[in-house]
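Trainee: Quick one, fold the following:
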Amino acid sequence: MKIIKNLAVSVGLIMSAQLVTAAGNTLETVDPEADRISLQNFYKKRFPEAEIADYVNGIYAVDAGSREQWNELEEFPPYEFDVETGETLFNTPFANGQSYADCFDNGGIGIRQNYPYWNKEQGTVKTLEMEINECREKNGEKPLKWGKGPIAQISAYMAWTSRDNTIDIKIPEDDKRALAAYLEGKKFFYTKRGQLNLSCANCHMQGSNIRIRADLPSPALGHVSHFPVFRSKWGELGTLHRRYKGCHKDSRSEPLEMQSEAYRNLEYFQTYMSNGLVVNGPGARK
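Mentor: Coordinates of the predicted model:
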């Protein structure tokens, strides 16, 4: 009950225009760029001392105490060995002599900022982890398990090579299906679900930096920039979709499968919201 009371107080103090309009959006009325600017303005008012560019650091952008502990952690990053392992895996040839570099633009180096993207030919949102496994299958290898382990390590290495590159997600104007995918992701973000009747926005907009038990939910802006992430709670590296699934469990909602269409659309929406910020992954969080 304390969780809901804390959020209820916050909702009473802060209301985003996006929460009001999200459910009523249609393809004719949705405006992704206006949404992005609105989200930034929300946080400018909510945390006026925080720099927009600093939101790639999550809760550490708005809570000084947490940031001090995090800075100490970053002196010896817990994801460092995972990046090294990811580099080795990335550069290890498949049985047919091909490699991951053969599957991606620029040899897979410095491209994290372009994911996820709308694939017009397949009519769907493609994520980096999705294409890592597609690369494997295309070259006769078995797909990796989602969420953690080698797929997170390879993704972490690719993110590492992309650090400080500006996130630049496109929604093609000539394909309404892309806008529809964005809209589905937006609706998912603002829709309440589960026994606790919470949405992503409740925790990461109204609830950001308001204590829920021992945790301070991070702001939604810049949320995707630091994944894959090493969480102290996990004791290991994990992907964004692993975190999505965990959030559903925490809110007593039925989690979806990682890399499901709904999660990919959610990632599409969230990453577009962070356009203009930089890739900061992999990261370390509680």
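Trainee: looking at it, G140 is touching A95, isn't it?
Mentor: Yes - because the distance of 6.4 Å satisfies CB atoms under 8 Å, G140 is recorded as touching A95. C-beta here means a position set from N, CA and C on the backbone, and glycine is covered the same way.
Trainee: check contacts around G281.
Mentor: By CB atoms under 8 Å, 6 or more residues apart in numbering, the contact set of G281 is 112, 156, 159-160, 162-163, 225-229.
Trainee: Give me the subset of the residues you listed lying in strands.
Mentor: Per DSSP state E, strands hold the following members of the contacts of G281: V229.
Trainee: which one of the contacts of G281 is nearest D54?
Mentor: Using CB to CB, S225 is the member of those that lies nearest D54, at 10.9 Å.
Trainee: returning to what we had before: which one of the contacts of G281 sits closest to A34?
Mentor: Closest approach between the contacts of G281 and A34, by CB to CB: S225, at 21.2 Å.
Trainee: Next up, the contacts around the closest residue to that closest one other than its chain neighbours.
Mentor: Counting by CB to CB, 6 or more residues apart in numbering, S225 lies nearest to V56, which is 4.2 Å off, once chain neighbours are set aside. V56 makes contact with 222, 225-226, 274, 277-280 under the criterion CB under 8 Å, 6+ apart.
Trainee: same thing but at 6 Å, please
Mentor: 222, 225, 277-278, 280 (CB atoms under 6 Å, 6 or more residues apart in numbering).
Trainee: tell me the two of these that are most distant?
Mentor: For the contacts of V56, the maximum inter-member distance is 9.1 Å, found between G222 and V278 (CB to CB).
Trainee: which of these two has more neighbours?
Mentor: Counting neighbours by other CB atoms under 10 Å for G222 and for V278 shows that G222 has the greater number, 24 against 16.
Trainee: from what I can see that one touches N275, true?
Mentor: No - G222 is not in contact with N275 according to CB atoms under 6 Å; the separation is 10.7 Å.
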